[in-house]
Every structure is written in structure tokens, then in C-alpha cells.
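**Q** got a sequence here, can you build the structure:
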Amino acid sequence: MHAFKHQTANTPELITQMEQAQDGLNRTAKASQALAATFPFPVTARYHRNPFNGKHGETFLVPDRVPEKDQIPAGWRFLKTRNTVEPLAGPKGEDARTALAAIQPPSIQPRDVLLESGMPEYFTKPGPNFNTYMVVPTYFPHEGAIYSLVNVEELTGDFGGGKPQTFGGDWTPCPVSEYYAAFEAMEATA
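**A** Numbering: from 1, shown residues only. Have a look, this model is predicted:
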């Protein structure tokens, strides 16, 4: 395991940006739950992620089971080939498209803020049978600093496992014990 700390003059601004991004995610989650509650069958919002820029693209709804035709709300349709519930084409699906647009995730997310500050989005970890896993760093703000923990043995970012991951910005290694002490203190005040 590797722990890191970001504590500079611009850390409070970074924390504010992360909190604003998290608020946007929370609003999207609440809107998504409200939209899901309008369906007579369970649906979950999913997002396609653009592999080139990492931004979330199209939003779509995935039902937990194949719905009956009479269960599908007005303005929506079930596409069996994609296993999604999507708005109808044309004016009949206008309200459904508006509802779907309301649950679009914000363009800036907390991990985007961390990525811009120099914390890599992921690290790689070798697995069994020549597999490689992506490990996403955890993070939290506490007392004017941001702490991050990566659960890997070596800090690599390529899928071959040999290229060391580089850090930019003002992230500095810190003892794992300091990370856990800050985490416990943060949880005690929450």
C-alpha cells in the first residue's frame, strides 16, 4: 500500500472544487433515484464513458428484468437488443429525453479534480493468469489536506506492469499510518 498527501497553499481551493463536484454527483444521484421511482419496475442509470477523454457520455437506463409491454411508461421504449429503456423517437419521447438529460452526470467530477492536481486516475496491479487489474486510489479531505491511498505493491500505470506511474503536482508520499490516523479522525468528526 502507498499513501499520499496533498497539503499546499492551493489545497483548500482543490478541496472546494472536489466538494462542488461531489455535490453535483449527489444531485445527479438523487435525480436518478427520482426518475427510477417513476417506473413500475426497477431501473438503474448507466453511463457510457468515452475511452479517449474519460468523460461520461450517453446516459441510459437498464432494467433489472425484462419489463412487460404494458409496464413501460408513456414516452419510453424497451430495446431488447441493448437491454435498455430509452426515450421514444420524435415528439412522443420529448419528456423522456428531458428526464434522461436531468440525470446526466456533471462534466467535472472529484476524480477529474484529483487528476488535474497530479494524482493518477488509476494504477495497475498484476493478477492471476496474466491478467492486469486497474486500482483506483481512495481519497478524502481532512484538516486542510487531501489524503489518498493506493492498494498496490508497486506504483505502475501500464498494463504490462513495468512502467512506473508518475506523479505531478504537489502529492507527496506519507506513511500509511498517517493516512489511517487522519481517516479515523475524519470519521470521528463526521
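**Q** now the closest residue to Lys80 other than its chain neighbours: which helix or strand?
**A** The shortest distance from Lys80 to any non-neighbouring residue, by C-beta to C-beta, 6 or more residues apart in numbering, is to Val66 (7.2 Å). Backbone N, C-alpha and C define where each C-beta goes, glycine included. Using DSSP states H and E, Val66 sits within no helix or strand.
**Q** who are the contact partners of Val66?
**A** 78, 80, 83 (C-beta atoms under 8 Å, 6 or more residues apart in numbering).
**Q** which of these has the largest number of neighbours?
**A** When neighbours are counted by other C-beta atoms under 10 Å, Phe78 leads the contacts of Val66 with 18 neighbours.
**Q** now do the helix or strand harbouring that residue, average pLDDT.
**A** Element membership for Phe78 (DSSP H and E) is strand 76-79. The average pLDDT within strand 76-79 is 92.
**Q** so what touches it?
**A** By C-beta under 8 Å, 6+ apart, strand 76-79 touches 63, 66-67, 69, 72, 84-88, 93, 96.
**Q** farthest pair in the residues you listed?
**A** Maximum pairwise distance among those (C-beta to C-beta): 20.1 Å, between Val66 and Gly93.
**Q** how about the helices in this protein?
**A** In the chain, the helices defined using DSSP state H lie at 11-37, 94-102, 110-116, 176-189.
**Q** pick the most buried one from the ones you listed.
**A** helix 110-116 (a mean of 18; mean count of other C-beta atoms under 10 Å).
**Q** in its sheet, what does the strand holding Phe78 sit against?
**A** strand 84-87 (antiparallel) (DSSP bridges).
**Q** quick check: Phe183 vs Leu88, distance?
**A** 48 Å (C-beta to C-beta, to the nearest Å).
**Q** list only buried entries from the contacts of strand 76-79.
**A** Buried members of those, counted by 16 or more other C-beta atoms under 10 Å: 63, 67, 72, 84-88, 93, 96.
**Q** so which of those is the closest to Ser148?
**A** Using C-beta to C-beta, the buried ones among the contacts of strand 76-79 come closest to Ser148 at Thr84, 34.7 Å.
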